[in-house]
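Peer 1: sequence first, predicted coordinates after that:
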Amino acid sequence: LEHHIAHAFDLLCEFVLQYDLAQRSDGEFKVRVTPSLEQNKSWAEDCLPVMEGLLADFRTFGARIAFLLKRISEIEPGDSSKVDFSNDRIELTGVVNRIDSAVSTIEDVFFGQDPQRVRWIEVQSRMKNPAVRLFSVPLDVGPVLAEQMYAHFPSVVLTSATLTVEGRFDFLATRIGLHDADERRIQFLSLASPFDFANQAVLAVPTDIAGPNEPAYRNTLVASMLQCLKVTGGRAFLLFTSFSMLGWVYRQLAPELERELGITVLRQGDENRTALLERFRRDKTSVLFATLSFWEGVDVEGDSLECVVLAKLPFKVPDDPVIQARAEDIDRRGGNAFLEYSVPIAAIKFKQGFGRLIRNRTDRGAVLILDKRVAQKYYGRIFLNSLPPCRIIQGNSLEVFEKLERFFSRFHPRPSFPEPPLNGLSPPK
C-alpha cells in the first residue's frame, strides 16, 4: 500500500507541475478539478485510473483492519490468554478512521459531482520534497453554518474588529448565510473604537509613484520604503502580499538599511513568529519584512512600532481555486464578482493591516500605502471608507514625506539623512 500511495502522489505531483506552469509567488502550484479537466488526456488516462486503483487498495486494506478489529472484539476479557487488547483496539480504530477519511477525500476530489464544492490539488514546491495536498471545500459556507450552527443554538454571537466593509455588514451576511436566516433572530451592532485615530494616526498615500502593474513599481517600493525609514528610524512593519516581492525588496534594501542607517532588519521566515516579534519589540531601531500572515493577529504596543507600510492592496490571487470558483458563481448569477467579492474581502484584509498600528490609547504613528490605486481608482474609496476616521495625506512623494517628517518630529527627533531620488534608484555611494 505504501508503494502504491507513493506512486500515485508522484504521478499527481508531476501532472500538477506540468499542468500549472504559472507558479505562484509562494512556490505553490494548484490545479482546480472541474469538468473541463476531464478533457485533459494525461488526467483522464493516467491520473484517474491510478487514483481508482489506490481507492481499491485503501478499501481492501481497511476491510482487513476492520476484520482484525472484529476478531479482537470477540476475545473475551476472561480468556485464559490474559492478553489485554484495549490499546490495540484504539490504535486500529484510529487507522480505520484515517483510511475512511482518505477514501472520502479521494472520492470527493477526483470523482465528486457536487457543483457546490470546490476541489483542487496543490503542490508545495518550496519544500525539499514537494508536498501534494488534496482539498475540497464548500463553495458557499452559508448553508453549512445554517444547518450545523444557527439551527442548533438559540443564540450565536459573532464578533471581530473587522466584520464590516464601509461600516456595513452586507458582505459578511451574504458570505455566512445570514441573508437567508430569520430576520427576527439577527441583530447587528458596530461599536466605535476606543482609540482616537484622528490624533493618533495618519494615513499617507503618495500618488505620483508607479502603480503595481508598471515596470518601475519594484524600484518605487525600494525608494519609498527607504525614504520612509529615514523618517521613522526603523520602528516599522513592511507588509507585502507575496513572498517573491518581499524577497526582492529585502535583497535591495536590507544592506543599505543596516550599513547606512544602523537599522536592524528582520524577515519573516528567518525565525519563528514569536521570536521575530520579541526581537522587534526589544530593538526599537528594527524593521520587519512580512507577508499576509502578519497583516492580522499581531500585537505590538508602544513606540517599537510607529509605522506600517502596506506595499500593495491585498487582493487575493484571482486564479486561486476558491476565489475563482466563487467569482464564477457570482458572475453566473448576474453579479459583479470584483465589486461583490474581490474588493470587500481585500478591504477587510486592508483594515486588518491598518489595525497593526494603534493597539492602545497612547500609541501613535503612520500607515504608508504604496499603492496609488487606493486614491485614484473608483473602488479605492471602499478601502478608505472601511477604516476608522483619521487624517489622510495625499500628494506627490516629496510633499507626503515632508508631512510625515513633521508628524513624527512631534514625538521625538529623527536623524537627518540625505533624501534619495524617488525614481526608484538609491543615491550613489
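Peer 2: Happy to help now that I have it. Residues are numbered from 1 along each chain as shown.

Peer 1: for the stretch 51-200 of the chain, what are the low-confidence residue spans?
Peer 2: For the stretch 51-200 of the chain, applying pLDDT under 70 flags the ranges 76-83, 126-127.

Peer 1: swap in 80 and give it another go.
Peer 2: Within the stretch 51-200 of the chain, the ranges that satisfy pLDDT under 80 run 73-86, 125-129, 180.

Peer 1: can you pull out the strands in the stretch 1-150 of the chain?
Peer 2: 28-32, 117-124, 131-138 (DSSP state E, counting those that start in this stretch).

Peer 1: ditto for the stretch 301-429 of the chain
Peer 2: 307-310, 365-369, 391-395.

Peer 1: just put the ones you listed in CSV and tack on distance to residue 46 and mean pLDDT.
Peer 2: The way it works is simple: take the backbone N, C-alpha and C, and place the C-beta from them, glycine included. As requested, those are arranged in CSV below (distance: least, C-beta to C-beta, whole Å; pLDDT from 0 to 100):
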stretch, distance to residue 46, mean pLDDT
strand 307-310, 44, 96
strand 365-369, 47, 96
strand 391-395, 55, 94
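
Peer 1: and those as a markdown table, adding mean neighbour count and distance to residue 59?
Peer 2: Output for the strands of the stretch 301-429 of the chain, formatted as a markdown table (neighbours: other C-beta atoms under 10 Å; distance: least, C-beta to C-beta, whole Å):
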| stretch | mean neighbour count | distance to residue 59 |
| --- | --- | --- |
| strand 307-310 | 24 | 50 |
| strand 365-369 | 25 | 54 |
| strand 391-395 | 16 | 62 |
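
Peer 1: for residue 18, find the nearest of these.
Peer 2: The closest of those to residue 18 is strand 307-310. By C-beta to C-beta, the value is 35.9 Å.

Peer 1: quick one on the thing from earlier: in CSV: the strands of the stretch 301-429 of the chain, plus distance to residue 170.
Peer 2: Shown next, in CSV, are the strands of the stretch 301-429 of the chain (distance: least, C-beta to C-beta, whole Å):
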stretch, distance to residue 170
strand 307-310, 24
strand 365-369, 24
strand 391-395, 24
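
Peer 1: about what we covered before: wait, which of the strands of the stretch 1-150 of the chain is closest to residue 96?
Peer 2: strand 131-138 (19.6 Å).

Peer 1: strand partners (parallel or antiparallel) of the closest one?
Peer 2: Strand 131-138 sits in its sheet next to strand 117-124 (antiparallel), going by DSSP bridges.

Peer 1: how much distance is there from the partner strand to the middle of the chain?
Peer 2: Distance of strand 117-124 from the chain centroid (C-alpha atoms, centre = their mean, to the nearest Å) equals 16 Å.

Peer 1: list the contacts of residue 231.
Peer 2: By C-beta atoms under 8 Å, 6 or more residues apart in numbering, the residues touching residue 231 are 401, 404, 405, 408, 414.

Peer 1: where does it sit: helix, strand or coil?
Peer 2: Under the three-state scheme (DSSP: H, G, I helix; E, B strand; the rest coil), residue 231 adopts helix.

Peer 1: and the gap between it and residue 261?
Peer 2: 11 Å (C-beta to C-beta, to the nearest Å).

Peer 1: what's the helix or strand that contains residue 247 in contact with?
Peer 2: Assigned by DSSP states H and E, residue 247 falls within helix 243-260. With C-beta under 8 Å, 6+ apart as the test, helix 243-260 has contacts from 25-27, 218, 221-222, 225-226, 229, 238, 240, 263-265, 267-269, 287, 289-291, 311-312, 417, 426.

Peer 1: can you list the strands that the helix or strand just after it pairs with?
Peer 2: Sequence-wise, the next helix or strand downstream of helix 243-260 (DSSP H and E) is strand 264-267. Take DSSP bridges as the rule and strand 264-267 pairs in its sheet with strand 286-290 (parallel).

Peer 1: can I get the strand it pairs with in CSV, CA atoms only?
Peer 2: The C-alpha trace of strand 286-290 is given here as CSV (Å, rounded to 0.1, in the frame of the first residue of the first chain):
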residue,chain,number,x,y,z
SER,A,286,14.3,47.4,13.8
VAL,A,287,12.1,46.9,10.8
LEU,A,288,10.2,43.7,10.0
PHE,A,289,9.6,42.4,6.4
ALA,A,290,6.5,40.2,6.4
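
Peer 1: contacts for that strand?
Peer 2: Against strand 286-290 from outside (C-beta under 8 Å, 6+ apart): 229, 234-240, 246, 249-250, 254, 257, 263-268, 276, 279-280, 294, 304.

Peer 1: could I have the buried ones of those residues as ChimeraX selection syntax?
Peer 2: In ChimeraX, a selection of the buried entries from these looks like this (16 or more other C-beta atoms under 10 Å):
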select :229,234,235,236,237,238,239,240,246,249,250,254,257,263,264,265,266,267,268,276,280,294,304
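
Peer 1: ok, back up a step: do you know which of the strands of the stretch 1-150 of the chain lies nearest residue 204?
Peer 2: strand 28-32 (32.7 Å).

Peer 1: which other helices and strands contact the closest one?
Peer 2: Judged by 3 or more C-beta pairs under 8 Å, 6 or more residues apart in numbering; DSSP states H and E, the packing partners of strand 28-32 are helix 2-19, strand 117-124, helix 321-332.

Peer 1: I'd like to know which of these is closest to residue 181.
Peer 2: helix 321-332 (19.9 Å).

Peer 1: closest one to residue 189 among the strands of the stretch 301-429 of the chain?
Peer 2: Nearest of the strands of the stretch 301-429 of the chain (C-beta to C-beta): strand 365-369, 26.2 Å.

Peer 1: hmm, who's touching the closest one?
Peer 2: Contacts of strand 365-369 (C-beta under 8 Å, 6+ apart): 200-206, 224, 228, 232, 235, 305-310, 313, 353-354, 357-358, 404, 407-408.

Peer 1: touching, residue 344 and residue 165? I think so.
Peer 2: Yes. With contact defined as C-beta atoms under 8 Å, residue 344 counts as touching residue 165 (4.6 Å).

Peer 1: which neighbours do the two have in common?
Peer 2: Common neighbours of residue 344 and residue 165 (C-beta under 8 Å, 6+ apart) are 171, 382.

Peer 1: contacting residues for the residue nearest the centre of the chain?
Peer 2: The chain has residue 292 as the residue nearest its centroid, 5.1 Å off, counting by C-alpha atoms, centre = their mean. Residue 292 makes contact with 239, 240, 241, 314, 349 under the criterion C-beta under 8 Å, 6+ apart.
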